[in-house]
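**Student:** Coordinates for the following, if possible.
(one chain, ligands or ions: 2)
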Amino acid sequence: MAEARFGGIKIRHLYKIFGSQAAAHVDAVKKGMSKTELNRLHGHVLGLRDINIEIPSGCIQVIMGLSGSGKSTLIRHINRLIDPTAGEVLVDGVDVVKMSEIELRDFRRHQTAMVFQKFALLPHRNVLDNTMFGLEVQGVEKTKARDIAMRWIERVGLKGFDEKYPNQLSGGMQQRVGLARALSNDAPVLLMDEAYSALDPLIRTDMQTVLLDIQSEIKKTIVFITHDLDEALRLGDQIAILRDGEVIQQGTSQDIVLRPADDYVANFVKEVNRGRVVQVEAVMQPLTTGYASSGLTIAASSTVEEAVRQLSKAEDSEVTVVSPSGQPVGVVTFRQLACSMVNSDSEDGKPSPNLVAAL
Ligand SMILES: Nc1ncnc2c1ncn2[C@@H]1O[C@H](COP(=O)(O)OP(=O)(O)OP(=O)(O)O)[C@@H](O)[C@H]1O
Ligand SMILES: [Mg+2]
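**Tutor:** Ligands and ions are numbered 1, 2, ... in the order given. Sure, this is the predicted structure:
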């Protein structure tokens, strides 16, 4: 039986080979033929190899990777803009790959919405009409569609701009329209392929805030592609890193920053401000039960930066870490916090053995 429609996504053993004889080469790829070999021997391009990602409903999944690593190919499988060569894409337990044309059309209209990098607004329609567009396609009655669209226009911060045309808006404002249009759809799955990459850094940060703010209310399943690590760390409940069509690491921001799987990932995280990502829980010394906390306490999920701020303010050198229920679970010193904020003294971006030992 199908699961309820909340937008949970499971991608299983997904392979994509581009080329006229793709299916004929999938076994060789499964047995380990490399992307280069496949191209050299058969003139086919390996887009994705054995992708397995589970995205719980209501979670923001970030996909990162260098240009050509397969990010767009992957996200386009979720609403089957691309057909896989092998594998499953389950949304709420239903395999998108096996859907008929009619099922697929219904699925795309009602279960997914996309926000595009280049906004993809219709130039001769104003903000309101652009926002209503998807609803019109769905055949939603006009007054109702208008009400829904106006609500989202307001929610993304464009109140009063509903009669403006795209060329009268800045890039950031145009992307707000793109977001309002996608959200008007009320689909549980939101697909965003480099949606913020064309925006200036400050506008981009604003748009991240808008998304997080809205997400805290609507709790959609969001697949968000970005090249930008800060954006990934800020938005992603889960992050998957792709290289040459393969997932080489997946985990939380903290997993990726503290334990990069290889040099490729280490390179991404080299410059990151660890204090804003690493949580106190990962740095503390765990306590044995029965410890009574005295003095300063801090939540286990607080960032290292927050703990340092509090210790500095209190002019203290040690803080007791507490669980959500207020139980003391660990202790962390100023020195440990400071060490955990140091990026690395090595070239490859991995924490030095000394740092790891100190933690
Ligand atoms: N239709 C296609 N035909 C042949 N090869 C393709 C096709 N689409 C993508 N590819 C190849 O698949 C690989 C992954 O491309 P994809 O566009 O998914 O990368 P990306 O990570 O989204 O890159 P970017 O960051 O530049 O957007 C690349 O090697 C690309 O050349
Ligand atoms: Mg792309």
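**Student:** Ligand 2 contacts on the chain?
**Tutor:** Taking C-beta under 5 Å from the ion as the measure of proximity, the chain contacts ligand 2 at 71-72. From N, CA and C alone the C-beta is placed, and that goes for glycine too.
**Student:** which residue packs closest to whichever residue of the chain sits closest to ligand 2, ignoring adjacent ones?
**Tutor:** Here the chain gets closest to ligand 2 at one residue, S72, 3.1 Å apart by C-beta to the ion. Closest residue in space to S72, ignoring its immediate chain neighbours: D193 at 5.6 Å, by C-beta to C-beta, 6 or more residues apart in numbering.
**Student:** Kindly report the same for V321.
**Tutor:** Here the residue nearest V321, using C-beta to C-beta, 6+ apart, is G330, at 4.1 Å.
**Student:** what's that neighbour in contact with, if anything?
**Tutor:** 280-281, 284-287, 300, 320-321 (C-beta atoms under 8 Å, 6 or more residues apart in numbering).
**Student:** Is it part of a helix or strand, or is it coil?
**Tutor:** Of the three states, G330 takes strand under DSSP: H, G, I helix; E, B strand; the rest coil.
**Student:** Please report the distance of it from F116.
**Tutor:** To F116, G330 is 45 Å away according to C-beta to C-beta, to the nearest Å.
**Student:** same deal with G251?
**Tutor:** Separation of G251 from F116 (C-beta to C-beta): 28 Å.
**Student:** picking up where we left off before, are any of the contacts of G330 buried, and if so which?
**Tutor:** 280-281, 284, 300, 320-321 (16 or more other C-beta atoms under 10 Å).
**Student:** now, the most widely separated pair of these?
**Tutor:** Using C-beta to C-beta, the buried ones among the contacts of G330 span at most 12.5 Å, a distance reached by E281 and T320.
**Student:** By mean pLDDT, which helix or strand of the protein comes out lowest?
**Tutor:** Taking mean pLDDT, DSSP states H and E as the measure, the chain has helix 353-358 as its least confident helix or strand, at a mean of 48.
**Student:** what's the helix or strand for D230?
**Tutor:** helix 229-235 (DSSP states H and E).
**Student:** Correction: the previous question concerned F161.
**Tutor:** Secondary structure assignment for F161, by DSSP H and E: no helix or strand.
**Student:** Let me see the backbone angles for the closest residue to it other than its chain neighbours.
**Tutor:** Spatially, and ignoring its direct neighbours in sequence, F161 is nearest to V127 (5.3 Å; C-beta to C-beta, 6+ apart). For V127, the backbone dihedrals (degrees, to the nearest 10) come out as phi -60, psi -50.
**Student:** if you look at stretch 255-264, does any of it touch ligand 1?
**Tutor:** No: Stretch 255-264 stays clear of ligand 1 (C-beta under 6 Å from any ligand atom), getting no nearer than 13.5 Å.
**Student:** list the buried ones in that stretch?
**Tutor:** Residues 256-261, 264 are the ones in stretch 255-264 that count as buried (16+ other C-beta under 10 Å).
**Student:** farthest-separated two in the residues you listed?
**Tutor:** L258 and Y264 (16.2 Å).
**Student:** Identify the bridge partners of the residue nearest to V321.
**Tutor:** Beta bridges link G330 to P286, V321, judged by DSSP bridges.
**Student:** Local confidence estimate at it?
**Tutor:** G330 is assigned 91 on the pLDDT scale.
**Student:** And the one 10 residues further on, by the same measure?
**Tutor:** We note a pLDDT of 83 for S340 in this prediction.
**Student:** Give me the nearest residue to it, chain neighbours excluded.
**Tutor:** Using C-beta to C-beta, 6+ apart, the closest residue to S340 is V283 (4.6 Å).
**Student:** any idea how far the one you found lies from V342?
**Tutor:** Distance from V283 to V342, by C-beta to C-beta: 12 Å.
**Student:** okay, these two: which has more neighbours?
**Tutor:** V283 (22 against 14; other C-beta atoms under 10 Å).
**Student:** Can you pull up the residues of this protein that come close to ligand 1?
**Tutor:** Counting by C-beta under 6 Å from any ligand atom, the chain sits next to ligand 1 at 18, 45, 47, 65, 67-73.
**Student:** Only whichever of those residues are buried, select them in PyMOL.
**Tutor:** Remark: buried members of these, expressed as a PyMOL selection using 16+ other C-beta under 10 Å:
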select buried, resi 18+45+47+65+69+70+71+72+73
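**Student:** Using CSV, please lay out the residues of the chain next to ligand 1 together with pLDDT and secondary structure.
**Tutor:** As requested, these are exported to CSV (pLDDT from 0 to 100; DSSP: H, G, I helix; E, B strand; the rest coil):
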residue, pLDDT, secondary structure
F18, 97, strand
V45, 97, strand
G47, 97, strand
G65, 92, strand
S67, 92, coil
G68, 93, coil
S69, 94, coil
G70, 96, coil
K71, 96, helix
S72, 95, helix
T73, 97, helix
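**Student:** and which of the buried residues of stretch 255-264 is nearest Q336?
**Tutor:** Closest to Q336, out of all of these and judged by C-beta to C-beta, is L258, at 13.6 Å.
**Student:** That closest one is in contact with A282, isn't it?
**Tutor:** Yes: if you go by C-beta atoms under 8 Å, L258 and A282 touch, sitting 6.3 Å apart.
**Student:** For the residues of the chain next to ligand 1, which two are the farthest from each other?
**Tutor:** F18 and G65 (17.0 Å).
**Student:** domain parsing for this protein?
**Tutor:** Per the record, the chain has its domains at 56-86+95-269, 275-358, by automatic domain parsing.
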